[in-house]
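*Asks:* I would like the atomic coordinates for the input below:
(one chain, ligands or ions: 2)
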Amino acid sequence: MRGRFITFEGIDGAGKSTQIEAVAELLRARAIDVERTREPGGTPLAERLRELLLHQAMHLETEALLMFAARREHLAARIEPALAAGRWVVCDRFSDATYAYQVGGRGLIAAKFAALEQWVHPGLQPDLTLVFDLDPAIAATRVAAAGDAPDRFEREQRDFFARVRSAYLQRAKAAPQRIVVVDADRTPEVIRAEIEAIVVERLLR
Ligand SMILES: Nc1ncnc2c1ncn2[C@@H]1O[C@H](COP(=O)(O)OP(=O)(O)OP(=O)(O)O)[C@@H](O)[C@H]1O
Ligand SMILES: Cc1cn([C@H]2C[C@H](O)[C@@H](COP(=O)(O)O)O2)c(=O)[nH]c1=O
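*Replies:* Ligands and ions are numbered 1, 2, ... in the order given. Predicted coordinates:
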């Protein structure tokens, strides 16, 4: 049987990475084979594109196209083979991030991305997407407290992240059968319990 595809989304610092392993563990405890990955990235070539995307200044459309180039590679080399082999893929970001960041944040035209999506992953959407929703001011505090040198996206202003957040919420409203919004302004333990319940309810019952 084909595997299921779960994605995690949200503004930088919302707490996705903290929770992804918990979902992977929940699945493994049920004897499900799990592939944990991320975008941009997930393969040697896509990780090289990630380095450029996170650290090299570029035209906004170059950024958008490189996101999809990295995705194409990731789908071909990892996501599609894993799903076809019955493994479940748990991925930190996917195409919803492009709509949120490049359309919502950068202001590029959504219709162009519908065409790219149709080209790069026709007929494939995640089975479940968890959007971690958090006030950009709180997220910025978390990113700063983590103490890592900020990348090109993390250096964006508060209003950029407010637009990204609002684009995620709009997408969630338009696709409630796939996207669940998680209030990320709670303790990691409370969030973990909620997302485990969502995964069980939506995909394991
Ligand atoms: N619920 C929470 N409450 C307070 N701090 C949190 C919470 N979840 C995560 N953090 C902390 O916030 C920081 C960012 O968390 P994390 O790396 O999980 O976010 P992220 O959404 O994956 O961010 P990015 O997209 O930038 O990688 C980390 O230092 C983490 O320990
Ligand atoms: C897939 C994707 C990602 N981004 C941005 C969002 C983040 O700022 C970085 C990835 O870093 P993370 O800490 O691993 O989340 O890339 C984007 O702008 N568009 C996309 O499609």
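
*Asks:* what's the host helix or strand of Ala114 packed up against?
*Replies:* Counting by DSSP states H and E, the element that carries Ala114 is helix 110-120. If contacts are counted by 3 or more CB pairs under 8 Å, 6 or more residues apart in numbering; DSSP states H and E, helix 110-120 sits against helix 60-74. C-beta coordinates here come from the backbone N, C-alpha and C atoms, glycine included.

*Asks:* Make sure I have this right: Val90 is in a helix.
*Replies:* No - going by DSSP: H, G, I helix; E, B strand; the rest coil, the assignment for Val90 is strand, not a helix.

*Asks:* That one: neighbour count?
*Replies:* 23 (other CB atoms under 10 Å).

*Asks:* Do you have the helices of this protein handy? List them.
*Replies:* Counting by DSSP state H, the chain has helices at residues 16-28, 44-55, 60-74, 80-84, 95-97, 110-120, 136-146, 158-174, 188-199.

*Asks:* Contacts for the longest one, please.
*Replies:* Contacting residues not belonging to helix 158-174 are listed as 9-12, 96, 99-101, 103-105, 131, 133-134, 136-137, 139-140, 179-181 [CB atoms under 8 Å, 6 or more residues apart in numbering].

*Asks:* Would you mark the buried spots in that helix?
*Replies:* Under the neighbour-count criterion of 16 or more other CB atoms under 10 Å, helix 158-174 has 160-165, 167-169, 171-172 buried.

*Asks:* for the third one, same thing?
*Replies:* By neighbour count, with 16+ other CB under 10 Å as the criterion, the buried positions of helix 60-74 are 63-64, 66-74.

*Asks:* Redo those as TSV? Include distance to ligand 1.
*Replies:* Formatted as TSV, the buried residues of helix 60-74 follow (distance: CB to the nearest ligand atom, whole Å):
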residue	distance to ligand 1
Glu63	16
Ala64	18
Leu66	18
Met67	14
Phe68	19
Ala69	20
Ala70	16
Arg71	17
Arg72	22
Glu73	20
His74	17
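
*Asks:* Let me know the closest of those to ligand 2.
*Replies:* Met67 (3.9 Å; CB to the nearest ligand atom).

*Asks:* Grab the nearest non-local neighbour of that closest one.
*Replies:* Once flanking residues are discounted, Met67 sits nearest to Thr98: 5.3 Å by CB to CB, 6 or more residues apart in numbering.

*Asks:* What score does that neighbour have for pLDDT?
*Replies:* Looking at Thr98, its pLDDT stands at 98.
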